[in-house]
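>>> below are the sequence and a predicted model for it; my questions follow.
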Amino acid sequence: MNIPEGAKKIVLAGNPNAGKSVFFNYFTGLYVDVSNYPGTTLEISYGEFEKNVLIDTPGVYGISSFNDEERIARDIILSADIVINVVNAVNLERDLFLTQQIIDSGKPVIMALNMIDEAEKNGIIIDIDLLSKELGIPVIPTVAIKKTGLDKVKGGIDLARIGNICNEIRLKLDPLTKRLGSQGEALLVLEGDPAVSARNGMEPGSSREEIYLARRERVNQVIEEVIQKSSSKSGFSNKLGSLMIMPLTGIPILVAALWIMYKIIGVYIAGNIVGFTEGTVMAGIYEPAVRHVVGQIIPNTSILGKILTGEFGILTMTVTYVLGLLLPLVAGFYFFLAIFEDSGYLPRIATLVDRVLTGIGLNGRAVIPLILGFGCVTMASITTRLLSSERERRIAIFLLGLVIPCSAQLGVITGLLAGIGPQYAALYAIIILAVLITVGTVLNNVLPGRSADLLIDLPALRPPRIGNIMKKTTGKTFMFVKEATPLFALGALLISVFQVTGILVYLQNLLAPVTVGWLRLPPEIATVFIMGIVRRDFGAAGLNYMTLTPGDTLVALVTLTLFVPCIASVLVLFKERGRKEAIIMWIATWVIAFFVGGLVAQVLNVFGRSSNTEGIAVVLAFFGLIAIVSRLFKRFYKTITAQI
Amino acid sequence: MTLDKVRKGQQIKIISILDEIIRVQAIRFGIAEGSVVTCQEKVPAGPIVLRKNNQEIAIGRNLANKIDVALN
Ligand SMILES: Nc1nc2c(ncn2[C@@H]2O[C@H](COP(=O)(O)OP(=O)(O)O)[C@@H](O)[C@H]2O)c(=O)[nH]1
Ligand SMILES: [Mg+2]
């Protein structure tokens, strides 16, 4: 976003869930520009604010570089002219660390002391005048959701002051500030921030811990003075919070939440709403209309006509997929995600499942993309951004592409498995689970480094606010359409070209030796796989029209589940992971899919396809064994590397 | 003793946190070495939830093994 001349950069900063976005929405109204921060994938909102520019930053507990969010918040705050620090009055002790750090950076600050209503409910009374005097900045009490105090903050921007810098820090800071010409940069160099040091041509300082401790002590001292009364709460929301993280009660709650989500997104939206948007609107009205209009100028049967409006046409398939199929699903997911996020449930799910995920190199936070994966792998891949290390993002995105089927595909798979018997359904589930555990464990041990441990704040549970939910849902859905459309158009173009040039058929023949020889399936199955590249559920649906033995169906389903993700998710894979890594992952999914599929086929073949029950027992034992061996492999690998 | 040995409801004092990155993050959360917290919840074989005033923090089990605490 371009900042007009003379305009000030006013930055909203604060801990996560402090209420920044409520302020942002109130101050800026409709004209908001959401954009990706350069070089990263996080969304930052910019808005016009009188003659100035208002920027909403990701919530952070401090400015440093522990993750993407912090790096972005750091750079935006360091470039601010004025900072509006939104503080949660209920957690003053935690929030003031960031406040004091921003003050130490020498920026003019005004504080909005938010959630005064909740603080009162908890029996917390804060001496606001004293707080303001101690910190040396104006402090305005607010209740953002009731719009109390918001206009005071708005009118008080010019009152923002450079606050009282922590004494111990000032002594160290002054000489370096003179040298670098910026107190904020100097502070972060002292705190050993690698990126800030590098851009100032300095060695990172070694006093981070010392400075943090001094700051923490200062904050605790301020708290001591300004909080007049505080009684710990233990209300209903607290009890519910505990129930959510303990397995005995937490798992049923999670299952219930997912079931509601499945009912609404998987059944209602994917069925009724998509049936209307994709079937009635797009296929029934839009596509014929486009074909008709384009057909007036370019014959539909010509090459260009096929590329524009054919089966995989840019004007037909792209628009239908994005608007008719994905838009309602994506909006549904963001709606639920916003509810989970706003209510404070999400970090509790992460706590509940942390144990399970540490074994495959992830921690509790990865549960979000994995859950979303069952809706749409493409969407889920995007949310791997919230994982804290590259290593975890890598593991999560690969597992998503490999083992998690998307909702539409899952529907088709369930239908097919139901047709061939429960023993095959169990076998399918166990094979996929074995692959998940094996691949996750191997990646966890082979990838360098260690994944981060869980360390998260559990915010207070509160009923989500519909206004906030809607705003988040529409904002994110819009971003999705904006990002996905060009990628889909590209994919459509590619497939159309394949089709008109005959490459599609050529590929079909090329695949035959693998499909017939190794997977022991009829040659026509190649078509299904090729369709599966276009869209996984498309491929799975293709199986419906083939006559296969139960064993063959199982092999085909396993292969197709593990098979390359659909074009859309491959495109997202490239976008998120870069070309080199994406190609490796892409090839790996092919190899694993055909390897495991073939393995199932061969084992089934050896142990007699006719006497199914025995064969199944053996295959079951076989894959159970693989899962166990992969766990042992972990120890084995550790011993080996320890010896080297 | 280490944090993973603590029982639910016990009040403890953080003695030392081995990992520097975690130590620094803990200071920001307000649970620096020396601060007093309560064990709010213990997920079986999973994370431990600490509480200080109105703030709750979940700490993975592997991490808890590396945090020294004393009963308060
Ligand atoms: N009770 C109460 N809730 C608030 C207040 N301000 C914001 N919230 C809620 O706190 C949650 C987090 O707000 P949000 O603006 O998304 O926080 P952000 O992460 O800082 O952008 C939302 O559910 C808001 O509705 C307040 O003053 N009182
Ligand atoms: Mg926000």
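That came through fine. The structure presented is a predicted model; accordingly, all values stated were derived computationally and were not measured. Ligands and ions are numbered 1, 2, ... in the order given.
>>> give me phi/psi at A:L454?
Dihedral pair for A:L454: phi -70, psi 130, per degrees, to the nearest 10.
>>> ok, now the one 3 residues further on?
A:D457 has phi and psi values of phi -90, psi 130 when expressed as degrees, to the nearest 10.
>>> my guess is A:E225 meets A:E134, correct?
Yes: contact criterion Cβ atoms under 8 Å: A:E225 and A:E134 qualify, at 6.6 Å. In this view, the C-beta of every residue, glycine as well, is placed from N, C-alpha and C.
>>> and chain B, which residues reach chain A?
Taking Cβ under 8 Å from any Cβ of the partner chain as the measure of proximity, chain B contacts chain A at B:20-30, B:32, B:40-41, B:43-47, B:49, B:52-63.
>>> please redo it, this time with the cut-off set to 7 Å
Residues of chain B found near chain A (Cβ under 7 Å from any Cβ of the partner chain) are B:22-25, B:27-30, B:32, B:41, B:43-47, B:49, B:53-63.
>>> hang on, A:V22 packs against A:V143?
No: between A:V22 and A:V143 there is no contact, the gap being 9.8 Å when judged by Cβ atoms under 7 Å.
>>> tell me where the model's unsure across the stretch 401-550 of chain A.
For the stretch 401-550 of chain A, the stretches with pLDDT under 70 are A:407-409, A:411, A:483-484, A:487-488, A:491, A:531, A:534-542, A:544-545.
>>> for it, which residues are neighbours of ligand 1?
For the stretch 401-550 of chain A, the contact set with ligand 1 under Cβ under 6 Å from any ligand atom comprises A:462, A:464-465, A:468.
>>> need the max-distance pair from those residues.
The two members of those with the most space between them (Cβ to Cβ) are A:R462 and A:N468, at 10.9 Å.
>>> measure A:G305 to chain B for me?
Distance of A:G305 to chain B, computed by Cβ to the nearest Cβ, to the nearest Å: 58 Å.
>>> show me what the helix or strand harbouring that residue is packed up against.
Applying DSSP states H and E as the criterion places A:G305 in helix A:303-309. Applying 3 or more Cβ pairs under 7 Å, 6 or more residues apart in numbering or on different chains; DSSP states H and E, one finds that helix A:303-309 contacts helix A:287-297, helix A:466-501.
>>> quick one: buried residues of that helix?
Neighbour counts over helix A:303-309 (16 or more other Cβ atoms under 10 Å in any protein chain shown) mark A:305-309 as buried.
>>> gap between that helix and the chain center?
Computed by Cα atoms, centre = their mean, to the nearest Å, the chain-centroid distance of helix A:303-309 equals 36 Å.
>>> can you check stretch A:250-264 too?
Relative to its chain's centre, stretch A:250-264 lies at 19 Å (Cα atoms, centre = their mean).
>>> that stretch vs chain B: in contact?
No: contact of stretch A:250-264 with chain B is not found when judged by Cβ under 7 Å from any Cβ; the minimum separation is 8.1 Å.
>>> buried ones in that stretch, by neighbour count?
Using 16+ other Cβ under 10 Å as the test for burial, stretch A:250-264 gives A:250, A:253-254, A:257, A:261-262.
>>> what mean pLDDT does it get?
Throughout stretch A:250-264, pLDDT has a mean value of 85.
>>> which other residues reach it?
For stretch A:250-264, the external contacting residues (Cβ atoms under 7 Å, 6 or more residues apart in numbering or on different chains) are A:243-244, A:332, A:336, A:349, A:352, A:371.
>>> hmm, back to that, closest to chain B out of the buried residues of stretch A:250-264?
Set against chain B, the nearest of the buried residues of stretch A:250-264 by Cβ to the nearest Cβ is A:G250 (8.1 Å).
>>> against B:V43, how distant is that closest one?
Distance, A:G250 to B:V43, by Cβ to Cβ, to the nearest Å: 8 Å.
>>> if I look at these two, which residues touch both of them?
A:L352.
>>> picking that back up, for chain B, which of the helices and strands packed on helix A:303-309 is the nearest?
helix A:466-501 (21.5 Å).
>>> for the closest one, the distance to its chain's centre please.
Centroid displacement of helix A:466-501 relative to its chain, using Cα atoms, centre = their mean, is 16 Å.
>>> stretch A:380-396 now?
Chain-centre distance of stretch A:380-396: 7 Å, with Cα atoms, centre = their mean.
>>> quick one: is it near ligand 1?
No: on the criterion Cβ under 6 Å from any ligand atom, stretch A:380-396 is out of touch with ligand 1, staying 13.2 Å away.
>>> can you check stretch A:58-65 too?
Yes: with Cβ under 6 Å from any ligand atom as the criterion, ligand 1 is reached by stretch A:58-65 at A:G59.
>>> kindly export stretch A:291-303 (C-alpha atoms) in PDB.
C-alpha atoms of stretch A:291-303 as PDB (Å, rounded to 0.1, in the frame of the first residue of the first chain):
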ATOM      1  CA  ARG A 291     -20.300 -21.000 -24.400                       C
ATOM      2  CA  HIS A 292     -23.000 -19.200 -26.300                       C
ATOM      3  CA  VAL A 293     -21.400 -15.800 -26.100                       C
ATOM      4  CA  VAL A 294     -17.800 -17.000 -26.900                       C
ATOM      5  CA  GLY A 295     -19.300 -19.300 -29.600                       C
ATOM      6  CA  GLN A 296     -20.500 -16.300 -31.500                       C
ATOM      7  CA  ILE A 297     -16.900 -15.200 -32.100                       C
ATOM      8  CA  ILE A 298     -14.800 -18.400 -31.700                       C
ATOM      9  CA  PRO A 299     -16.300 -21.800 -32.700                       C
ATOM     10  CA  ASN A 300     -16.500 -24.000 -29.500                       C
ATOM     11  CA  THR A 301     -14.900 -26.900 -31.400                       C
ATOM     12  CA  SER A 302     -11.800 -24.900 -32.400                       C
ATOM     13  CA  ILE A 303      -8.700 -25.300 -30.400                       C
END
